[in-house]
Each structure stands twice: as C-alpha cells, then as structure tokens.
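# curious how this folds, go ahead:
(chains A, B, C and D)
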Protein chains: 2
Amino acid sequence: MSVESGQSSAPAGVDEVLARVREAGGRATTSRRILLERLFAEGSHKTAEELAHEVQRVAPDVHLSTIYRNLEELERLGVVTHAHLGHGPATYHLATETHGHLSCESCGATIEAPLGLFDGLAEAARASFGFEIDPRHFAVLGHCAACRAREAGAAGD
Amino acid sequence: MSVESGQSSAPAGVDEVLARVREAGGRATTSRRILLERLFAEGSHKTAEELAHEVQRVAPDVHLSTIYRNLEELERLGVVTHAHLGHGPATYHLATETHGHLSCESCGATIEAPLGLFDGLAEAARASFGFEIDPRHFAVLGHCAACRAREAGAAGD
DNA sequence: GGGGTAATAGGAACCGTTCGCAACAACGTT
DNA sequence: AACGTTGTTGCGAACGGTTCCTATTACCCC
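I've put the predicted structure just below:
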C-alpha cells in the first residue's frame, strides 16, 4: 500500500508545478508563482504568515487569504503539505520532504525524523488496534535533549 | 524515571480536590465544585464547551470563561490534564487517567492507548535524538481499522 | 457577620483560518 | 490584439477556540 494515487512523483520546480496547476484547470498567477518560489527556496516549516511576509517582500499587495487559498490548492494537487508542530499555526512545506516530526514542548524545537523512527509504534498500533499511524501531519510532542538536561539539572525533579 | 513530581497521587474525589484548592490559597466556589463533579463523572475527553453545558444544566449562569479559568487552575494543581486529539478544541480529563491517544484523521475516533504502546517509539527517539516523547498531550494521528478498510475497499487506492 | 480578596459574569479581544463579494487578470478564442 | 469567460484576487468581515479586562460577587478567616 503505497502513496501514489493521482499525481505521480512531486514536480521538481516552480514551472512544473504551474504546468500542473494549469492541467488541473487553474491559472499561473503571479502570487502563486511567487509563493511557489518561496516554497522551493530552502527552509521548511514556514507558517502561512511567514510565507505571506516573504511573498509580500516581492509583491506587497498579496493578501494573507490569498496565501491560504494558494496553499490549500497546492495541497490539493499534492505539491504541498502542512504539519502541526504543537500549539500555534500550521507549517507548510513541499510534499517531497517526507518525514515525521518530534516537537519539544518546552522550547518548541522541531526535529525532522525519518519515518523509520516510527516503525516500532506503527507496528504496535497496527497489532493492538489495527490503527495505521501517520507521523507526518501531527508532530509527536515531548522534550528535547537540551531541555531535558536543563530541567533535570535545575528543578532537581 | 517515573512521574511523581510535586503533588503525590491524584485525589480520588471532589472534596479532596477542593481541599487541595484551599491549601493552595484558592476557594471552593460552587462553579468549581460542579465542574469537578462533571470531571469525576465518567466519560473522558470532554471539551471546555461540553463541560460548560453540563455545568450549566445545574448552574445556568456559569460562564464559559469561568470553565476555562477553573480548568487552567485545576491543571496547575495536577488534577486535570488536557489533550489535543487533532483539529478542533482540546479535551479535558482527570490526570489520573493516564494514557496516550491515537486519533483517526478520517472519522475522528480516539483510541486511548496504554503508554506501553509507545515504548518502541520512545526508545527510538531517545536513542536517535535524546528526545523524550510524551504521547499524552498530543494524539498520534492516523487511520483507524474501520476507516482503513472502508478506504481500501472504496477508493481502490 | 464584616472585611479582604479570590473568583465570577459578561463581553471584548485575540489568534489562526475561512468566507463572501465585487473587481481583476489569466488564458483560449477569434 | 481585443474579447469574453471564469479562475483568482484583495479586502474585510466572520469564524471557532481561547484568553484577557473590569466591575461586581461571594467565599472564607477572624
């Protein structure tokens, strides 16, 4: 059971995505192009607002709601995914970057973990409940090494 | 490393909790008592709004913000915890009921999983990143057996 | 039972996100 | 290259969930 319904492998560039957008009956608008450029630029886990600011540096009139709408559409096309890393806004990144998330409840740091890390839980959940976990959409919370050290040392807990 | 910091074991009844509230300089108000009665009544994973409705059946003037404030206070005292089971509002339950959560992205069903289920992931995360997971606060999302069967059959995916 | 103060009702404010609408602009057609 | 179609945009209002503010209430200690 692999993930291959509809869109084959994810496109490697802005123009390819825009071509796909047009195939789907959409239009290659400037705001969409600029947003895609930002998404293809390095640095994952950007919130809609961060992306909006980046886009607005180039095209100041692009509205936040446009960012949301475009992200939604790109997600529908399988180009983009979002992840919830804890409280606060969702973060968006290219669907090509596939990984799970570990997010520190103390400092907010996020670890991108290979999906293999979750195999143990995946098997256990499958065996016990027939439940198939997906560690990509919601992060698994906890405490990172640094914060654990700090907390253990300080509180004497 | 067990969980035993601060407050010893959780109290077993409304009055014990109220006693603890008073010890901490708080007051045993009626809204607080009624809320606690609702929390000790069976049925976990209630949202603040659901609890508000239940409380208001007895005391119609209790305001939602009061519910939130009391839940916050009770959480500070270690009596109550909340969990995020996906999108939507947080759910609250007594801190005595300790378990992780598996939540279905398709149907929203929530499985209360014994913490042992997460041992595999816990070890892997510890070994790879020094990260200590906490599966209680945020659910691990995925797809439950029923939805998987339905989706596999229907979509032919 | 009176005084000090924690807690309350009520509502406004907040954040992240979605929606409705009139104006716009991308694209295929001519 | 102008045209019409219609997907898209900007804008603001609305939304759900939660927190904050303020005057008033009611607990509790004495």
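
# partners of residue A:133 in the sheet?
residue B:142 (DSSP bridges).

# just checking, it touches residue A:122?
Yes - under the contact definition of Cβ atoms under 8 Å, residue A:133 touches residue A:122, with a separation of 5.2 Å. Placement of C-beta: from N, CA and C, glycine included.

# more neighbours, these two?
residue A:133 (25 against 21; other Cβ atoms under 10 Å in any protein chain shown).

# so which bits of the worst-scoring helix or strand of chain A on mean pLDDT are buried?
Of the helices and strands making up chain A, the lowest-confidence element is helix A:145-155, at a mean of 84, by mean pLDDT, DSSP states H and E. Within helix A:145-155, the residues that qualify as buried are A:147, A:148, counting by 16 or more other Cβ atoms under 10 Å in any protein chain shown.

# got the contact list for that helix?
A:104, A:106, A:107, A:109, A:143, A:157, B:5, B:129, B:130, B:131, B:132 (Cβ atoms under 8 Å, 6 or more residues apart in numbering or on different chains).

# please apply the same query to stretch A:106-115.
Here stretch A:106-115 makes contact (Cβ under 8 Å, 6+ apart) with A:44-45, A:85-86, A:97-104, A:135-136, A:139, A:143-144, A:146-147, A:150-151, B:125, B:128-129, B:131.

# now, those that are in helices?
A:146, A:147, A:150, A:151, B:125, B:128, B:129 (DSSP state H).

# okay, those residues in TSV with distance to DNA strand D next?
As requested, the ones in helices among the contacts of stretch A:106-115 are exported to TSV (distance: Cβ to the nearest atom of the strand, whole Å):
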residue	distance to DNA strand D
A:146	25
A:147	21
A:150	24
A:151	22
B:125	26
B:128	31
B:129	28
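
# from these, which is closest to residue A:35?
Among the ones in helices among the contacts of stretch A:106-115, residue B:129 lies closest to residue A:35 (Cβ to Cβ), at 31.5 Å.

# enumerate the residues of chain A near DNA strand C.
A:18, A:22, A:27-30, A:47-49, A:64-65, A:68, A:72, A:88-90 (Cβ under 7 Å from any atom of the strand).

# what's the most distant pair in the residues you listed?
Greatest spatial distance among these (Cβ to Cβ): A:22 and A:88, at 34.2 Å.
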